[in-house]
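*Asks:* Need a 3D model of the following:
(chains A and B)
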Amino acid sequence: MNSASTSSAFLLLLRRDLILAFRRRAELMNPLLFFVLVTALFPLGIGTNPLLLKAVGPGVIWVAALLASLLSLESVFRSDFEDGSLEQFLLCAHPVSILVMAKVLAHWLVTGLPLLVVAPLLGVLLDLPGASIKVVMLTLALGTPVLSLIGSIGVALTVGLRRGGMILSLLVLPLYVPVLIFAANAVETAAAGLPITAHLSMLSGLLVLALSLSPLATAAALRVSLS
Amino acid sequence: MDSKSTDNAILLEGKGLECIRDDRVLFSGLDFVLGSGQTLLLEGRNGSGKTSLLRILCGIRLPETGDVTWCGEDIFSLGPVYHEHIAYVGHRDGLKLDLTPMENLAMARGLGSPNPDTSPEDALQRVDLYGFEDVLTRNLSAGQQRRLALARLLVTRAQLWILDEPFTSLDVYGIELAEELFQEHISRGGMLAMTSHHAVNLDSARVNRINLSA
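*Replies:* The predicted structure is shown next:
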């Protein structure tokens, strides 16, 4: 197969997944709603002291984003597994890792990107200063794709199990921790007026690593799950 | 028939295949050869390993021992190169219920190597689903969905069709239609590996039967 038809297969699958997501858009609201609700309820739980909110705000936004992304993970491969489309992907004339990339990208576009869009509003809600909101956005932009990419490996491994949800969280959460640490620390460091180049470089490094390795691991995991 | 595909060139061969599932040996020492224009018909009771064997032929499942070769090369090392030559319709239709039949076929075409002679429209017409191209697949009946799954075979250039119970939920007319498609494929020099509970109406001289319960 030449690369032209492989890239057209990539675009075809990306488009297909976006169309499917659009036709089931009600389901997409769940993780976003979760993200907004958790963050919005937090001040009610811990009191409205502006200093306190400023201190915990970025962490709250990040933890909520991480859990929201975990919540939406299953849908990457679940429906394709159930209706047999996944078998067809494994049997297609293109490398499976390319198709995995298309699926994860589509998934991030419909679940990760909305988090990025509403995050500034939640920052305002928690009374974060403008500079902090900017850093939160930046770290989310670098971090949420990593979450989707790492998560796809876990989903691929557990998609064949009937109740894989619990194992999925156990598998994936430890791998999410570095992203959370660097992202939350970046916001703190920036608030203290220090440069955050190191944090952003680490997050970018994680993104590059996940981009290059996770599609291969996911493709292999899918083979295991379907055999 | 493709000028390159002489009877010797295109060949699917299995040697000493063994399949174990949940500590039970389903079959072992299984050999077969499938050439251009031939059909491999798997028979046997429920749970005798027909589906497992088909999945091994697809390369989705690894046999415990033995290997499957396509034109002399192992199908697992060929990977996507082998998959270009096969089309699989399994138990599950592999259709997206929230897409229209046209979108489903366009997807199947893009993932395989597209058949230049058959557009998705042609394929829909062939399985008598023309007029349903803009209806969501969810709203088709089970038999119509099965016909759509079979239409997927037509939009790629796959030489080997691997079919797991292709007649499930088809009515008499649908079965006749499916048999026609298979016959045409065979007479073009294609190959067929399938299981079926129904008697299959194909030219028996070119059918190899394997009974897995025997």
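*Asks:* all contacts plus neighbour counts: C-alpha atoms, from now on.
*Replies:* OK.
*Asks:* who's in contact with residue 165?
*Replies:* In the absence of a named chain, chain A is used. Listed by CA atoms under 8 Å, 6 or more residues apart in numbering or on different chains, the contact partners of A:G165 are A:74, A:158.
*Asks:* actually it's chain B I care about, not the one you picked
*Replies:* Contacts for B:E165 (CA under 8 Å, 6+ apart) come out as B:90-91, B:194-197.
*Asks:* Which of the residues you listed fall within strands?
*Replies:* The strands, defined by DSSP state E, take in B:194-195 from these.
*Asks:* which of the contacts of B:E165 are buried?
*Replies:* Among the contacts of B:E165, the ones that count as buried by 16 or more other CA atoms under 10 Å in any protein chain shown are B:90, B:194-196.
*Asks:* how would you label the residue nearest to the spatial centre of chain A: helix, strand or coil?
*Replies:* Closest to where the C-alpha atoms of chain A average out (CA atoms, centre = their mean) is A:S148, at 3.5 Å. Classification of A:S148 by DSSP: H, G, I helix; E, B strand; the rest coil places it in helix.
*Asks:* hmm, back to that, in CSV: the contacts of B:E165, plus distance to A:S152 and pLDDT.
*Replies:* Shown next, in CSV, are those (distance: CA to CA, whole Å; pLDDT from 0 to 100):
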residue, distance to A:S152, pLDDT
B:G90, 25, 88
B:H91, 25, 86
B:M194, 33, 90
B:T195, 34, 90
B:S196, 36, 82
B:H197, 38, 78
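*Asks:* For chain B, what lies in contact range of chain A?
*Replies:* Neighbours of chain A within chain B, by CA under 8 Å from any CA of the partner chain: B:58-62, B:80-84, B:86-88, B:90, B:92-96, B:98-99, B:107, B:110-113.
*Asks:* which ones among these are found in helices?
*Replies:* B:58, B:80-83, B:107, B:110-111 (DSSP state H).
*Asks:* still on that earlier bit, go ahead and confirm the residue nearest to the centre of chain A touches A:L67.
*Replies:* No. Using CA atoms under 8 Å, A:S148 is not in contact with A:L67; the gap is 11.6 Å.
*Asks:* So, low pLDDT: which residues of chain A?
*Replies:* A:1-2 (pLDDT under 70).
*Asks:* Get me the contact residues on it for chain B.
*Replies:* Checking chain A against chain B by CA under 8 Å from any CA, the hits are A:1, A:5, A:8-9, A:12-13, A:16, A:20, A:23, A:80, A:83-95, A:223, A:226-227.
*Asks:* show me the contacts for A:L91.
*Replies:* By CA under 8 Å, 6+ apart, A:L91 lies in contact with B:58-60, B:80, B:83, B:86-88.
*Asks:* Next: B:S113.
*Replies:* Contacts of B:S113 by CA under 8 Å, 6+ apart are A:93, B:84, B:156-158.
*Asks:* Just the buried ones from those?
*Replies:* Buried among the contacts of B:S113 (16+ other CA under 10 Å): A:93, B:84, B:156-158.
*Asks:* Could you dump these into a markdown table and include secondary structure and distance to A:N185?
*Replies:* Below are those laid out as a markdown table (DSSP: H, G, I helix; E, B strand; the rest coil; distance: CA to CA, whole Å):
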| residue | secondary structure | distance to A:N185 |
| --- | --- | --- |
| A:A93 | coil | 44 |
| B:E84 | coil | 49 |
| B:T156 | strand | 52 |
| B:R157 | coil | 54 |
| B:A158 | coil | 54 |
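*Asks:* Report how many residues lie close to the nearest residue to B:Q159 once chain neighbours are set aside.
*Replies:* Nearest residue to B:Q159 in three dimensions, chain neighbours excluded: B:G190, at 4.8 Å (CA to CA, 6 or more residues apart in numbering or on different chains). Neighbour count for B:G190, taken as other CA atoms under 10 Å in any protein chain shown: 24.
*Asks:* show me where chain B has strands.
*Replies:* Assigned by DSSP E, chain B shows strands spanning B:11-21, B:24-35, B:39-43, B:65-70, B:73-74, B:86-89, B:160-164, B:191-195, B:207-211.
*Asks:* ok and the third one relative to strand B:160-164, angle-wise?
*Replies:* This points to strand B:39-43. If you take axes from the mean of the first three to the mean of the last three CA atoms, to 10 degrees, strand B:39-43 sits at 20 degrees to strand B:160-164.
*Asks:* Strand B:39-43 - contacts with which helices or strands?
*Replies:* strand B:191-195, strand B:207-211 (3 or more CA pairs under 8 Å, 6 or more residues apart in numbering or on different chains; DSSP states H and E).
*Asks:* If we use 10 Å, what do you get?
*Replies:* Here strand B:39-43 touches strand B:24-35, helix B:50-58, strand B:160-164, helix B:172-187, strand B:191-195, strand B:207-211, going by 3 or more CA pairs under 10 Å, 6 or more residues apart in numbering or on different chains; DSSP states H and E.
*Asks:* Please apply the same query to the second one.
*Replies:* Helices and strands touching strand B:24-35, by 3+ CA pairs under 10 Å, 6+ apart, are strand B:11-21, strand B:39-43, helix B:50-58, strand B:65-70, strand B:191-195, strand B:207-211.
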